[in-house]
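Undergrad: Structural data only, the sequence is not supplied:
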């Protein structure tokens, strides 16, 4: 009886929370194969081209394999709505696509269910999941499914001669003149500012923990002319497309979409890319927790991770999947050269120190915004 009432209950909850819902309709051929009694799996994700890639690579194949429908709800990455839902005892989602830093906080606060590695499948070659996943991918309440990166992109036509090759070029407006756009947040900007001085990658967070290091980073950012701040994840591509800036920070998947699907004259500067983990989690109180575990096991299998990375260029969390990535199914583009974890792209990559930011972020953010005021473009911040 509870399952039969679930659609009405969820609809009421979603109206209360003000969330937009996307129903992923199964192809006609799947209609008869679906189990009419299976309760839908409610997934909270990011929307846009990202969720479209998930639909093709994960959600539709999962429904085809299990008969369980998938409904996707969009959010902005905040833990606030989840905290309210758990405290209310009325959680409308079964699986959440969440950044690892937020997942750690949610787990520590009792908002997420523990996850066992037993739900994961071995690689096609028989390698146990624990050995096949990259370092840091498996934690108490979260399983990393992909790695995305914040990078710098630039307009090729702005620099017809010498082009930017290293992150220090972001701050060199004599050799590479023109306005810049950066995310209005200390994360990534502070790291890049210190890298531009020649600070070794392994020393960045130690130096940022000192007043001297923070002052050096902020000074570098203050010296940028014609700087625009952004907050919405679509803003960097828009600013580059409209020729309002010649360089912008942003997410590698967004820039790829602009380069390949929209044929914009931009190029990604991989030097100094800052990588973050994207994870699957199950909220405490999820009604379909067993189906959620089944989905996570399915979605993190080598074949599914490979399929996802071939549609949108985020690095798989499984080594076996990284080795299998090949061409985009529609454009034929070789996706190996566009994922953050490819050896050529990851040569000077930085992994965001989530523990450091968990301890310091609020204080550093307030200091950052006081020191570098300015208007921002956009509102939410999906990858």
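TA: Done, it's in. As the structure is a prediction and not an experimental result, all values here were calculated from the model.
Undergrad: Can you give me the end-to-end span of stretch 132-143?
TA: With CA to CA, to the nearest Å as the measure, stretch 132-143 spans 13 Å from end to end.
Undergrad: For that stretch, buried residues please.
TA: 132-134, 137-139, 141-143 (16 or more other CB atoms under 10 Å). C-beta: built from backbone N, CA, C; applies to glycine.
Undergrad: ok, now stretch 284-298?
TA: Neighbour counts over stretch 284-298 (16+ other CB under 10 Å) mark 284-288, 291-298 as buried.
Undergrad: Which ones among those map onto helices?
TA: Counting by DSSP state H, the buried residues of stretch 284-298 place 291-298 in helices.
Undergrad: show me what contacts the closest residue to residue 283 other than its chain neighbours?
TA: Using CB to CB, 6 or more residues apart in numbering and skipping the chain neighbours, the partner closest in space to residue 283 is residue 91 (5.1 Å). Shown in contact with residue 91 (CB atoms under 8 Å, 6 or more residues apart in numbering): 82, 85, 283-287.
Undergrad: how much space is there between residue 91 and residue 343?
TA: Going from residue 91 to residue 343 by CB to CB, to the nearest Å gives 41 Å.
Undergrad: got it, and residue 86?
TA: 41 Å.
Undergrad: And these two? Which one has more around it.
TA: Set residue 86 next to residue 343 and count neighbours by other CB atoms under 10 Å: residue 86 wins out with 20 against 8.
Undergrad: Contact partners for the more buried one?
TA: Taking CB under 8 Å, 6+ apart as the test, what residue 86 contacts is 110-111, 283-285.
Undergrad: Would you double-check that the residue nearest to residue 283 falls in a helix?
TA: No - counting by DSSP: H, G, I helix; E, B strand; the rest coil, residue 91 is located in no helix; its state is coil.
Undergrad: I'd like to know how far it sits from residue 289.
TA: In terms of CB to CB, residue 91 sits 10 Å off from residue 289.
Undergrad: and if you look at residue 296?
TA: 11 Å.
Undergrad: Now the common contact residues for the two.
TA: residue 282.
Undergrad: pretty sure residue 77 contacts residue 97?
TA: No - here residue 77 does not reach residue 97: they are 9.2 Å apart, not a contact under CB atoms under 8 Å.
Undergrad: Need the residues touching each of those two.
TA: Jointly contacting residue 77 and residue 97 under the rule CB under 8 Å, 6+ apart are residue 46.
Undergrad: Okay, buried residues for the longest helix anywhere in the chain please.
TA: For the chain, the longest helix by residue count, based on DSSP H, is helix 354-371. For helix 354-371, the neighbour count (16+ other CB under 10 Å) marks 354, 356-357, 360-361, 364, 368 as buried.
Undergrad: just those residues: which has the poorest pLDDT?
TA: Lowest-confidence member of those: residue 361, scoring 79 (pLDDT).
Undergrad: Could you report the separation of residue 84 from residue 90?
TA: For residue 84, the distance to residue 90 - CB to CB - is 9 Å.
Undergrad: sorry, back to before: could you redo the contacts of residue 91 as a markdown table and give each row pLDDT and distance to residue 39?
TA: Putting those into a markdown table (pLDDT from 0 to 100; distance: CB to CB, whole Å) gives the following:
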| residue | pLDDT | distance to residue 39 |
| --- | --- | --- |
| 82 | 95 | 20 |
| 85 | 94 | 18 |
| 283 | 98 | 16 |
| 284 | 97 | 18 |
| 285 | 97 | 15 |
| 286 | 97 | 11 |
| 287 | 97 | 7 |
